[in-house]
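Asks: Return a 3D structure for these sequence lines:
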Amino acid sequence: MFPFKIQTHQAIPVRAVQQRVDFANQMLTMIDSEGFDVGCIWFTDEAHFHLNGIVNKQNWRFWGSENPYWCEAKPLYSPKVTVWAAVCSRGIIGPFYIRETVTSERYVAILEQFVATQQVLEDRPRMDWPPYSPDLTPCDYFLWGTLKDIVYPKHPATLDELESAICVACESISVETVRNVMANFILRLRHLCCANGEHFENIVM
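Replies: As a prediction, the model looks like this:
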């Protein structure tokens, strides 16, 4: 006998399930029949990074002869920064930061960088993304988790240190790694079709 952890997922409404299937079929048709290059797709997203951020609790294990009775203290409110980035097979654009409190000068500088990037991306055609589909978005299933696993163990003490650590972490992700992530996106489309639009990450993990 072996212990198994029951996984929980957000329920996907029936309508969204069909939207996911339709999207995956459309994408696979474009890829298989029309030679569409998914490497040209820019995936954009934003995420919060907290100063008291911790690594995945699934990695919190201590092996020893005695229980150390360690406890991680977590403040009720933690300063955070919102991070925006874009990902494609060519690499990563960003990160760009927006804080809860920021000087007007810094905010203007952020907007100038962000708007310039947005204008470049807006010149490209857009696709309607199906709802309830973080499992199809590289930023969600790869980028944010990877960055937090790199950044949080460093325990940055200030927002400046946090932003610097995020920037260094982004630069450490190679173009080859991002290309492999994009190849995994195609695999995920196929798994989604096999799962009839339902959750499928237990298959690809």
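
Asks: Counting neighbours, what do you get for Tyr152?
Replies: 20 (other C-beta atoms under 10 Å). The way it works is simple: take the backbone N, C-alpha and C, and place the C-beta from them, glycine included.

Asks: That one - nearest residue in space that isn't next to it in sequence?
Replies: Excluding its sequence neighbours, the residue lying closest to Tyr152 (C-beta to C-beta, 6 or more residues apart in numbering) is Gly53, at 4.4 Å.

Asks: Just give the number of residues close to the one you found.
Replies: Neighbour tally, Gly53, other C-beta under 10 Å: 16.

Asks: And for Ala16?
Replies: 15.

Asks: and it, what pLDDT?
Replies: pLDDT for Ala16: 88.

Asks: State the distance from Glu198 to Ala16.
Replies: 10 Å (C-beta to C-beta, to the nearest Å).

Asks: Helices of the chain, residue ranges please.
Replies: For the chain, helices defined by DSSP state H occupy the ranges 14-34, 104-122, 138, 144-151, 159-172, 175-194, 201-204.

Asks: Nearest to Tyr132, out of these?
Replies: helix 14-34 (4.6 Å; C-beta to C-beta).

Asks: packing partners for that closest one?
Replies: helix 175-194 (3 or more C-beta pairs under 8 Å, 6 or more residues apart in numbering; DSSP states H and E).

Asks: The helix it packs on vs helix 14-34, what angle?
Replies: Interaxial angle of helix 175-194 relative to helix 14-34 (axes from the mean of the first three to the mean of the last three C-alpha atoms, to 10 degrees): 120 degrees.

Asks: Of all the helices of the chain, which one is nearest Trp42?
Replies: Per C-beta to C-beta, nearest to Trp42 of these: helix 104-122, 5.5 Å.

Asks: shaky segments in this protein?
Replies: 1-9, 54-76, 100-104, 106-127, 201-205 (pLDDT under 70).

Asks: Could you find the closest non-adjacent residue to Pro79?
Replies: Looking at Pro79 with C-beta to C-beta, 6+ apart, the closest residue is Leu51, at 4.9 Å.
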